[in-house]
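In: Quick one, fold the following:
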Amino acid sequence: QVQLVESGGGLVQAGGSLRLSCATSGRSFSSHAMAWFRRAPAKGLELVAAISWVARLTHYSSSVQGRFSISRDNTKNTVDLQMNSLRPEDTAVYYCAAAKEARNFFYTSDGYTFWGQGTQVTVSS
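Out: This is a model prediction of the structure:
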């Protein structure tokens, strides 16, 4: 059974930091792009950051560029999202996702087939 399990969410004050982690199991995603999405209250799903299978390519939304950093460790089957200088508008449920096919990079949610259950991040002002 394929599982993506996020952890590390919580409540933090504006300007603070959090590190989200996604642990995968059930199959290897070492050849798949991985991504973090978020859904804020009353808003649609937003791609926050994505990373290619060998981590040579990363992509960030303009809203988090320079503040967030995505990384992966294929030996541990994990993908992390370091979030610095958090703002109240970063409040959302954050989801880890794995691409639907190997060695391809996707910038929208329909490129990702496997999803975690999400972890809540709340940034207070």
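In: Every contact and neighbour count from this point should use C-alpha atoms.
Out: Noted.
In: My guess is residue 34 contacts residue 100. True?
Out: No: using CA atoms under 8 Å, residue 34 is not in contact with residue 100; the gap is 9.7 Å.
In: Give me the more crowded residue out of these two.
Out: residue 34 (30 against 19; other CA atoms under 10 Å).
In: my guess is residue 47 meets residue 40, correct?
Out: No: counting by CA under 8 Å, residue 40 is not a contact partner of residue 47; they are 11.6 Å apart.
In: Same drill for these two, tell me which one is more crowded.
Out: Counted by other CA under 10 Å, residue 47 and residue 40 do not tie: residue 47 has more neighbours, with 20 against 17.
In: Tell me what the more buried one is bridged to.
Out: For residue 47, the beta-bridge assignment (DSSP bridges) gives partners residue 37.
In: show me the contacts for it.
Out: Contacts here follow CA atoms under 8 Å, 6 or more residues apart in numbering; on that basis residue 47 touches 35, 36, 37, 38, 60, 61, 107, 108, 109.
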